[in-house]
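>>> Using only what follows, build the 3D model:
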Amino acid sequence: MELIIRNTTNQPIYDQICTQIKAQIISGKLAPGDALPSIRALAKDLKISVITTKRAYDELEAGGFLYTVAGKGCFVAEKNLDIIREQQLKDLENHLASAVGLARTCGVSREELHEMLRILSEEESL
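Numbers count the residues shown, from 1 in each chain. Purely as a prediction, here's the structure:
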């Protein structure tokens, strides 16, 4: 498992860890039942606090991405596609709400915003 922590973003370190592990689970790079590094080992590898790593693992467990076996460690949970989809929809809604707020402050009309989204989505499918 490879994680890259960037100090140049405004995203907290625990959130960077969560985001990257989720992405690896969703993409299949981490399969259900795979063991994750121990909290201490990951903290040491990333040169961060054990508390930060624990918070990331706790968030992932609360989200249904991991489960913990006492004395054995943390493992990737079976993919619950409904939970993953709901989380992704929530993330998408948050991004769209931010875009709508920014558009409002820039004086961009609803029609212009729709057109921007249409163009961007067409570019993605090329």
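
>>> Now for residue 68: which residues touch it?
Applying CB atoms under 8 Å, 6 or more residues apart in numbering, we find residue 68 in contact with 57, 61, 74-75. Placement of C-beta: from N, CA and C, glycine included.

>>> Let's see that with 10 Å instead.
Contacts for residue 68 (CB atoms under 10 Å, 6 or more residues apart in numbering) come out as 36, 39, 57-58, 61, 74-75.

>>> Look at it and give its secondary structure.
Secondary structure state of residue 68, per DSSP: H, G, I helix; E, B strand; the rest coil, is strand.

>>> Read off the pLDDT value for it.
Predicted confidence (pLDDT) for residue 68: 94.

>>> That one bridge partners, please.
With DSSP bridges applied, residue 68 shows beta-bridge pairing to residue 74.

>>> Please identify the buried residues of the helix or strand where residue 45 lies?
Take DSSP states H and E as the rule and residue 45 turns out to sit in helix 39-46. Buried positions in helix 39-46, judged by neighbour count with 16 or more other CB atoms under 10 Å: 39, 42-43, 46.

>>> about what we covered before: most neighbours, which of the contacts of residue 68?
The most crowded member of the contacts of residue 68, judged by other CB atoms under 10 Å, is residue 57 (24 neighbours).

>>> Please list all residues in contact with that residue.
Neighbouring residues of residue 57 by CB under 10 Å, 6+ apart: 14, 17-18, 21, 36-39, 42, 65-66, 68, 73-74.

>>> Residue 14 touches residue 50, doesn't it?
No. Under the criterion of CB atoms under 10 Å, residue 14 is not in contact with residue 50, lying 11.5 Å apart.

>>> Among these two, which residue is more densely surrounded?
Each of residue 14 and residue 50 has its neighbours counted (other CB under 10 Å); residue 14 has more, 20 against 13.

>>> Show me what the host helix or strand of the more buried one packs onto, helices and strands only.
If you go by DSSP H and E, residue 14 is part of helix 13-27. Under the contact definition 3 or more CB pairs under 10 Å, 6 or more residues apart in numbering; DSSP states H and E, helix 13-27 sits against helix 39-46, helix 50-62, strand 66-69, strand 73-76, helix 81-106.
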